[in-house]
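*Asks:* got a predicted structure here, sequence first:
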Amino acid sequence: MSEEPSEVRLLRSALAAVGKARLKTTGRSMLPTIEPGTVITVQARPFDEVEPGDVAVVLVDRKVIVHRVVDRAGTRLLTRGDNLPLVDPAVGPGAYLGAVPGYRRPVPLPGLDLARLAAHPDRGAGRTRIWLPGPAPAYAWWHPTMRRGDTPGLSRGDARLVISVSPYGALPGTALDQLLAAAGRRDVDILLGRATGCPSGDRTTGPSGDRATGPSEGWGGRPPLRPGTADFHVGHGTLLEPPRLADTAEFVRARVEAVRGALPVRPAQAPGRPDLAGWRG
């Protein structure tokens, strides 16, 4: 395991010596709860006492983040910024630094802002493409009927609405039905399960040295989704018990059939590609 950044070592030392430390926040991920530039006090609260609703300071990808705990199971925590559409990778005791008093409250549920659909004109053929995360090393998005130059959100120069469905999404699974119904004639691309933390059966080591296992898919870890990867991020399952990618694919296929009325066609399996969710409306 590589050495931690110096600011992390200093924070750990202060918490160990006096039980608290002060940090200045810089990002907008906790708006409106914590404004950028707010100086917060971090307390050395035991990991076992941290509960959903608490604001915690944790390490993700060797970076210190101040986010709200949204769930926990045993020795793993899930956190998310109040202003973010995605949860963070699960962390264990090694990646936990402390808690921030004064900001505990019920976990806020993100609202579905259908007005954002206005950015995509209601025209098209009402088609739906379901994209899978491709194999290493590129992990490029893949669709069985894709043509050269096709990427999620773009097909032969035409923009499409993009929805991700994975255990990282903050929107509830029911939001997928609402989005598909409100999409009208818009063509829609749905991205499946693209996230570190939807792991394969291989053991993986996170930035804190914590180790975790997940259901076997044989695909290995994936780079995480970013907020800008999709217009909306819908959750399916939880990172604490991540579903198989095939289960997420079946969930999406069933919802597309039920809401959009299209009868998806399962194409023949391409060589070297998983036979999971190559449906198109």
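*Replies:* The structure has been received and is ready for your questions.
*Asks:* what is the neighbour count of the closest residue to Arg116 other than its chain neighbours?
*Replies:* Using C-beta to C-beta, 6 or more residues apart in numbering and skipping residues adjacent in sequence, the residue nearest Arg116 is Asp231, 6.6 Å away. Quick note: C-beta positions are derived from backbone N, CA and C, even for glycine. For Asp231, the count of nearby residues is 19 (other C-beta atoms under 10 Å).
*Asks:* wait, Asp231 sits on Ala115?
*Replies:* No. With contacts defined as C-beta atoms under 8 Å, Asp231 does not count as touching Ala115, sitting 11.9 Å away.
*Asks:* got any ranges where the stretch 1-150 of the chain has weak pLDDT?
*Replies:* 1, 135-139 (pLDDT under 70).
*Asks:* same check, this time on the stretch 151-281 of the chain
*Replies:* 156-157, 194-224, 262-281.
*Asks:* what's the lengthiest strand in the chain packed up against?
*Replies:* In the chain, assigned by DSSP state E, the strand with the most residues is strand 63-73. Judged by 3 or more C-beta pairs under 8 Å, 6 or more residues apart in numbering; DSSP states H and E, strand 63-73 is in contact with helix 6-18, strand 55-60, strand 76-80.
*Asks:* which residues does Ala16 contact?
*Replies:* Ala44 (C-beta atoms under 8 Å, 6 or more residues apart in numbering).
*Asks:* which of the residues in the longest helix along the chain are buried?
*Replies:* Taking DSSP state H as the criterion, the chain has its longest helix at helix 245-260. Going by neighbour count (16 or more other C-beta atoms under 10 Å), the buried part of helix 245-260 is 245-246, 248-249, 251-253, 255-256, 259-260.
*Asks:* just the C-alpha atoms of it, please, in CSV.
*Replies:* The C-alpha trace of helix 245-260 is given here as CSV (Å, rounded to 0.1, in the frame of the first residue of the first chain):
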residue,chain,number,x,y,z
LEU,A,245,-24.9,-7.1,-13.4
ALA,A,246,-27.2,-9.7,-15.0
ASP,A,247,-29.9,-8.8,-12.4
THR,A,248,-29.5,-5.1,-13.0
ALA,A,249,-29.8,-5.8,-16.8
GLU,A,250,-33.0,-7.8,-16.2
PHE,A,251,-34.5,-5.1,-14.0
VAL,A,252,-33.8,-2.5,-16.7
ARG,A,253,-35.1,-4.7,-19.6
ALA,A,254,-38.4,-5.3,-17.7
ARG,A,255,-38.9,-1.6,-16.9
VAL,A,256,-38.3,-0.6,-20.5
GLU,A,257,-40.8,-3.2,-21.7
ALA,A,258,-43.4,-2.1,-19.2
VAL,A,259,-43.1,1.6,-19.7
ARG,A,260,-42.0,2.2,-23.3
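*Asks:* so what's the residue count around the residue lying closest to Ala14 once chain neighbours are set aside?
*Replies:* By the measure of C-beta to C-beta, 6+ apart, the closest residue to Ala14 outside its immediate chain neighbours is Ala21, 3.9 Å from it. Ala21 has 21 neighbours, counted by other C-beta under 10 Å.
*Asks:* the stretch 101-250 of the chain: strands as residue ranges?
*Replies:* Taking DSSP state E, counting those that start in this stretch as the criterion, the stretch 101-250 of the chain carries its strands at 128-133, 141-142, 154-155, 158-159, 161-166, 188-192, 204-205, 211-212, 232-235.
*Asks:* how about these, which one is nearest Val55?
*Replies:* strand 232-235 (20.7 Å; C-beta to C-beta).
*Asks:* buried residues in the closest one?
*Replies:* Applying 16+ other C-beta under 10 Å to strand 232-235 flags 232-235 as buried.
*Asks:* among those residues, which pair sits farthest apart?
*Replies:* Pairwise across those, and taking C-beta to C-beta, the largest span is found between Phe232 and Gly235, at 10.8 Å.
*Asks:* give the residues shared as contacts by the two.
*Replies:* Joint contacts of Phe232 and Gly235 (C-beta under 8 Å, 6+ apart) are Leu171.
*Asks:* which of the buried residues of helix 245-260 sits closest to Leu239?
*Replies:* Thr248 (12.6 Å).
*Asks:* tell me the contacts of the closest one?
*Replies:* 165-166, 192-193, 236-237, 277.
*Asks:* which pair in those has the greatest spatial separation?
*Replies:* Largest pairwise distance in those, by C-beta to C-beta, is 14.9 Å, between Gly237 and Ala277.
*Asks:* any idea how far Ser155 is from Asp177?
*Replies:* Distance, Asp177 to Ser155, by C-beta to C-beta, to the nearest Å: 24 Å.
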